[in-house]
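Chemist: Quick one: sequence plus predicted model below, questions after.
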Amino acid sequence: MLKIQNYINGQLTAPISKQYIDNYDPSTGKVYSLLPDSDELDVSQAVEAAKKAFPAWSMMPKDNRAAILLRISALIDQNLERLAKAESKDNGKPVSLARTVDIPRASSNFHFYATGILHYASHAHSMEDTAINYTLRNPVGVAGCISPWNLPLYLFSWKIAPALAAGNCVVAKPSEITPMTAYLLSELCIEAGLPPGVLNIVHGYGHKVGSAITAHPEIPLISFTGGTKTGAEIARVAAPMFKKLSLELGGKNPNLIFADCDYEAMLSTTMRSSFANQGQICLCGSRILIERSLYEKFKADFVAKTKKMTVGNPADDNTKMGAVVSKQHMEKILSYIELAKQEGGKILCGGERVMLEGGLADGYYIAPTIIEGLPYDCRTNQEEIFGPVVTIMPFDTEADALKYANSTIYGLASTVWTENLTRAHRIASELHTGIVWINCWLLRDLRTPFGGVKSSGVGREGGFEALDFFTEPKNVCIKLK
Ligand code: NAD
């Protein structure tokens, strides 16, 4: 059985403990590879390697750093099919999604920051004829990057690429639930000629590897994407050490649908925003609020379309809905469906595990689920489920829609469907979310600030915001007379 290895100091290495963790294929429920059960000793080795590599990497001319990152991007492109299949097997997502979204975006992340760093400039502040200040933007040293399982290579590279482009060395940890493409990336980094120690990938559990990265005194910066509870734990450990933190956390995103919307565009996009990646995208809209005059029509069409979605083998090119990521996560989602029933919700479709046949019989499949009849402030409508489960709710006025939308502890993204331009702008300014999509969803420009407010996170990724985060500004003031 394939043993995934750590990538430390340019070498693929076994964990010091020699212990491994089972890695499951969610489509079959079977173990298909093993990953290192690393601990703080492996993290220490990775930090030493990163520290050793830092002077040369940070002083390397930007063009040369960029050229190496562009080679990694090109190698991802050349290996698109292999990586897409690996991502699908590791995560349960349809291979067509991995092929068109996850892996191309991982390549774009490297390409974007390899070229972005060449255009990144710092400021100067003139004090007329008294003095001039200029800002140096230096890499911080060793950056810690910790990522989740839902978009494995996509989110892993979203952190690593800007960190490396800015001249940092990195100790990174992918999710233990989806380690495969990070491992394949380490092979590509070797092939691309990334100098040893510049990027180190340590596999293993969050409470061992993740917490060792967070607590390591020589990692002054942590970039984390994952659950809100984990983010709070990381902040608790990192804050007294005064580490720089970027936390991209959970969400409970609202879709606000007004009766005057472009109905067909809204309906087809709402299918995607509800169920893409089995609803396991932090940006998925899981609370769908519909103006009352449109409610019954929307409900009928949405349920009819959803009932036609078939759950199938993620490896099949035609599958649109694959497996959820793990048994534990499947059980969590099913328990939320039970909670919704207890809270008085009516299951309009789905609501259960799907049992496929043959080799897929033990896979983790859930039917796309729509629930109605719940108040906006019940637990089902307040807590993150992170699966193919949405609620639908009517609203009467714009004020009600905003009240429901803004009622959770989260504030990551929201979607508004209306043809009324002034209303669109008005609502966009009043939604408490870091991202607002008007008449679209998941339309991404990598230059824009990405992140959430309230319990959805602290800080922004994307564009120059990420390069600001991965560098430390230093003001130099020169007196002129
Ligand atoms: P998680 O918090 O369980 O794990 C994320 C990562 O943190 C994993 O690599 C894990 O091993 C590690 N980790 C766990 N405990 C740790 C600890 N004590 N110290 C340091 N690291 C630790 O999240 P998950 O279940 O992998 O991902 C799903 C969550 O991620 C959802 O809440 C989702 O909304 C969120 N998410 C947010 C965004 C965003 O951009 N805001 C994007 C994707 C996913």
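Modeler: Thanks, I have it.
Chemist: Ile72 against His111, yeah?
Modeler: No: assessed by Cβ atoms under 8 Å, Ile72 is found out of contact with His111, at 9.1 Å. Backbone N, C-alpha and C define where each C-beta goes, glycine included.
Chemist: Among these two, which residue is more densely surrounded?
Modeler: Applying other Cβ atoms under 10 Å to Ile72 and His111 shows that Ile72 carries more neighbours, namely 27 against 20.
Chemist: Quick check: closest non-adjacent residue to the residue most central in space within the chain.
Modeler: Centroid-nearest residue in the chain: Leu155, 4.7 Å away (criterion: Cα atoms, centre = their mean). Leaving out its chain neighbours, the residue that sits closest to Leu155 by Cβ to Cβ, 6 or more residues apart in numbering is Ser147, at 4.7 Å.
Chemist: The residue nearest to the centre of the chain - that's part of a helix, no?
Modeler: Yes: counting by DSSP: H, G, I helix; E, B strand; the rest coil, Leu155 is found in a helix.
Chemist: which residues sit in contact with it?
Modeler: Each residue near Leu155 by Cβ atoms under 8 Å, 6 or more residues apart in numbering is listed here: 147-148, 225.
Chemist: picking up where we left off before, what about the residue nearest to Leu155, how many residues nearby?
Modeler: 27.
Chemist: for Asn313, same thing?
Modeler: Neighbours of Asn313 under the rule other Cβ under 10 Å: 22.
Chemist: do the same with Asn406
Modeler: Residues contacting Asn406 under the criterion other Cβ under 10 Å number 16.
Chemist: From Asp400, how far off is it?
Modeler: Distance of Asn406 to Asp400, computed by Cβ to Cβ, to the nearest Å: 11 Å.
Chemist: Likewise for Ala182?
Modeler: 44 Å.
Chemist: who has more neighbours, the two?
Modeler: Ala182 (25 against 16).
Chemist: contacting residues for the more buried one?
Modeler: 152-153, 156, 172, 174, 201, 203.
Chemist: With Glu48 instead?
Modeler: Residues counted as contacts of Glu48 (Cβ under 8 Å, 6+ apart) are Asn9.
Chemist: and the host helix or strand of it, how far from the chain's centre?
Modeler: Glu48 belongs to helix 40-59 when assigned by DSSP states H and E. Relative to its parent chain, helix 40-59 has a centroid offset of 25 Å by Cα atoms, centre = their mean, to the nearest Å.
Chemist: what about it and the ligand, any contact?
Modeler: No: contact of helix 40-59 with the ligand (Cβ under 6 Å from any ligand atom) is absent, the minimum separation being 10.9 Å.
Chemist: What residues of that helix count as buried?
Modeler: By neighbour count on 16 or more other Cβ atoms under 10 Å, the buried set for helix 40-59 is 40, 42-51, 53-54, 57-58.
Chemist: Please give me every residue in contact with the closest residue to Gly197 other than its chain neighbours.
Modeler: Ranked by Cβ to Cβ, 6+ apart and with sequence neighbours excluded, the top spatial neighbour of Gly197 is Ala53, at 3.2 Å. Contact partners of Ala53, counting by Cβ under 8 Å, 6+ apart, are 9, 169, 195-198.
Chemist: Just give me the closest of these to the ligand.
Modeler: Distances from the ligand to the contacts of Ala53, taken as Cβ to the nearest ligand atom, are shortest for Cys169 (19.2 Å).
Chemist: List the residues that contact Pro195.
Modeler: 10, 53, 56-57.
Chemist: Near the ligand, list only the ones from the contacts of Ala182.
Modeler: Applying Cβ under 6 Å from any ligand atom to the contacts of Ala182, none is adjacent to the ligand.
Chemist: how about the helices in the stretch 201-350 of the chain?
Modeler: Counting by DSSP state H, counting those that start in this stretch, the segments of the stretch 201-350 of the chain that form helices are 211-215, 228-238, 263-275, 292-308, 327-342.
Chemist: which strands and helices sit next to the very next helix or strand once past the helix holding Glu48?
Modeler: Downstream of helix 40-59, the first helix or strand assigned by DSSP H and E is helix 62-78. In this structure, helix 62-78 makes packing contacts with helix 103-116, helix 152-165, helix 180-192, judged by 3 or more Cβ pairs under 8 Å, 6 or more residues apart in numbering; DSSP states H and E.
Chemist: if you set the cut-off to 10 Å instead, what comes out?
Modeler: Judged by 3 or more Cβ pairs under 10 Å, 6 or more residues apart in numbering; DSSP states H and E, helix 62-78 is in contact with helix 40-59, helix 80-91, helix 103-116, helix 152-165, helix 180-192.
Chemist: hmm, back to that, state the distance from the residue nearest to Gly197 to Glu191.
Modeler: Distance, Ala53 to Glu191, using Cβ to Cβ: 18 Å.
Chemist: Same check on Pro152?
Modeler: According to Cβ to Cβ, Pro152 stands 20 Å off from Glu191.
Chemist: ditto for Cys378
Modeler: 52 Å.
Chemist: Check Ser414 too.
Modeler: From Ser414 across to Glu191, the span is 41 Å (Cβ to Cβ).
Chemist: Same question for Leu289.
Modeler: 49 Å.
Chemist: Any idea how far apart the tips of stretch 12-32 sit?
Modeler: Length of stretch 12-32, first residue to last, Cα to Cα, to the nearest Å: 20 Å.
Chemist: Next: stretch 171-190.
Modeler: Between the opening and closing residues of stretch 171-190 there is a gap of 16 Å (Cα to Cα).
Chemist: tell me the average confidence for it?
Modeler: In this model, stretch 171-190 has an average pLDDT of 98.
Chemist: Would you mark the buried spots in that stretch?
Modeler: 171-186, 188-189.
Chemist: Could you check how far that stretch is from the centre of its chain?
Modeler: Chain-centre distance of stretch 171-190: 15 Å, with Cα atoms, centre = their mean.
Chemist: Alongside the ligand, which residues does the chain contribute?
Modeler: By Cβ under 6 Å from any ligand atom, the residues of the chain that approach the ligand are 146-150, 155, 173, 175-176, 206-207, 210-211, 214, 225-227, 230, 233-234, 248-251, 282, 384, 386, 412, 452, 456-457.
Chemist: List buried members of those by neighbour count.
Modeler: Buried members of the residues of the chain next to the ligand, scored by 16+ other Cβ under 10 Å, are 146-150, 155, 173, 175-176, 206, 210-211, 214, 225-227, 230, 233-234, 248-251, 282, 384, 386, 412, 452, 456-457.
Chemist: mind listing the helices in the stretch 351-481 of the chain by residue range?
Modeler: In the stretch 351-481 of the chain, the segments counted as helices under DSSP H, counting those that start in this stretch are 379-382, 398-405, 421-430, 463-469.
Chemist: Is it possible to get a markdown table of these that adds mean pLDDT?
Modeler: Formatted as a markdown table, the helices of the stretch 351-481 of the chain follow (pLDDT from 0 to 100):
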| stretch | mean pLDDT |
| --- | --- |
| helix 379-382 | 98 |
| helix 398-405 | 98 |
| helix 421-430 | 98 |
| helix 463-469 | 98 |
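Chemist: To Pro162, which of those lies closest?
Modeler: Checking the helices of the stretch 351-481 of the chain against Pro162 by Cβ to Cβ gives helix 463-469 as the closest, at 3.8 Å.
Chemist: Need the contact partners of that closest one.
Modeler: 109, 112-113, 116-117, 119-122, 137, 139-140, 143, 158-159, 161-163, 165-167, 221, 223, 244-246, 445-451, 459-461, 471 (Cβ atoms under 10 Å, 6 or more residues apart in numbering).
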